[in-house]
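Asks: Quick one, fold the following:
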Amino acid sequence: MIVDTSAVVAIAKREGTAAQLRDALLRRAPSLMSAVAFVELSIVLRAQWTGPEIDGLLEALDVTPVPVTVDQARLAAQAYRDYGKGSGSKARLNLGDTFSYALAKDTGRPLLYVGNDFAHTDVTPALARGD
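Replies: Numbers count the residues shown, from 1 in each chain. I've put the predicted structure just below:
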């Protein structure tokens, strides 16, 4: 499974879906996260979490950040053209989102995310709508 920043943020902030997301991650471990999404996660959580704490959370969830390949960069660029902010798509993906999308498409793995943005793309969700 591929993990988007939004899923880890929801777990870290103990949002309503945190337990469900954690269970999904642990059921399907190990999971991967794009290095770009990892940077985004570090930025989003910087006020509450230290770098080692973020690393510890990912380790506990069995999520491994992976380097971006050139093919993934191309997929991310196309994803931004198709689904990014300003494209006219309801997805309105940001930079971090496009790299989560690209890793999911490149590996053929489902994407674990929170929110509705990815529902407006052709990526396979890790959780069915309503789960």
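Asks: contacts, neighbours, all on C-alpha from now
Replies: Will do.
Asks: Can you list the low-confidence ranges for this protein?
Replies: Confidence mapping of the chain against pLDDT under 70 gives the ranges 129-131.
Asks: From the chain's centroid, how far away is stretch 105-121?
Replies: 8 Å (Cα atoms, centre = their mean, to the nearest Å).
Asks: in it, what's buried?
Replies: Buried residues in stretch 105-121, counted by 16 or more other Cα atoms under 10 Å: 105, 109, 110, 111, 112, 113, 114, 117, 118, 121.
Asks: Any chance of TSV for these, columns secondary structure?
Replies: Shown next, in TSV, are the buried residues of stretch 105-121 (DSSP: H, G, I helix; E, B strand; the rest coil):
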residue	secondary structure
105	helix
109	coil
110	coil
111	strand
112	strand
113	coil
114	coil
117	helix
118	helix
121	coil
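Asks: Can you tell me which of these is closest to residue 74?
Replies: residue 105 (11.4 Å; Cα to Cα).
Asks: Give me the distance between the closest residue in space to the closest one that isn't next to it in sequence and residue 83.
Replies: Distance criterion Cα to Cα, 6 or more residues apart in numbering; nearest residue to residue 105, sequence neighbours excluded, is residue 123 at 6.7 Å. Using Cα to Cα, to the nearest Å, one gets 11 Å for the distance from residue 123 to residue 83.
Asks: quick one: which of those two has more around it?
Replies: Per other Cα atoms under 10 Å, whichever of residue 123 and residue 83 has more neighbours is residue 83, with 25 against 17.
Asks: Now for the more buried one: which residues touch it?
Replies: 89, 90, 91, 92, 93, 120, 121 (Cα atoms under 8 Å, 6 or more residues apart in numbering).
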